[in-house]
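S.K.: 3D model of this:
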Amino acid sequence: MTPYMGAGASQAMEDAFVLGRLITHPLTTLDNVPAALRAYQDVRLSAAQLIAHNSERVGRMYQFNMPGCYDGTDQGNERGELEILHQMIMSNFESRDQGSAVAQWQQAEKRLRESTGKNQVV
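M.R.: Take a look at the predicted model:
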């Protein structure tokens, strides 16, 4: 993950939270660890991929290297071009809120329960 959104450490903490709770869940046994890992992947992978993708895009924008965006050359409307670039950068940060780690944990726990056939809350 590129460093442009400052999200790598928070992604690692959210991953550890969800994965740690799944692995230590009373329903997780040696026989169904793969199901627990699938539940983790199902809820965390898309969120992490979105952050990684947006971080790469923002990095290109920071370096004036994003196709279709301001590239550092003055074309007569530099202030306006920079404002458009600013709005594009900020829109990438808005998509960071993919739900809390607690909400993702609850989704993963539900998937684990479904995969074990034990849908009651433990």
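S.K.: other SSEs contacting the helix or strand where Gln104 lies?
M.R.: Here Gln104, judged by DSSP states H and E, is contained in helix 101-116. With contacts taken as 3 or more C-beta pairs under 8 Å, 6 or more residues apart in numbering; DSSP states H and E, helix 101-116 sits against helix 8-23, helix 33-62. (Glycine included, C-beta is placed from N, CA and C.)
S.K.: relative to helix 33-62, how tilted is it?
M.R.: 150 degrees (axes from the mean of the first three to the mean of the last three C-alpha atoms, to 10 degrees).
S.K.: thinking again about what came up before, just send the helices and strands packed on helix 101-116 back as CSV, with distance to Gln106 and mean neighbour count too.
M.R.: Converted to CSV, those look like this (distance: least, C-beta to C-beta, whole Å; neighbours: other C-beta atoms under 10 Å):
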stretch, distance to Gln106, mean neighbour count
helix 8-23, 10, 16
helix 33-62, 9, 17
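S.K.: Output those helices in JSON lines; the columns should cover mean pLDDT.
M.R.: Shown next, in JSON lines, are the helices and strands packed on helix 101-116 (pLDDT from 0 to 100):
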{"stretch": "helix 8-23", "mean pLDDT": "93"}
{"stretch": "helix 33-62", "mean pLDDT": "90"}
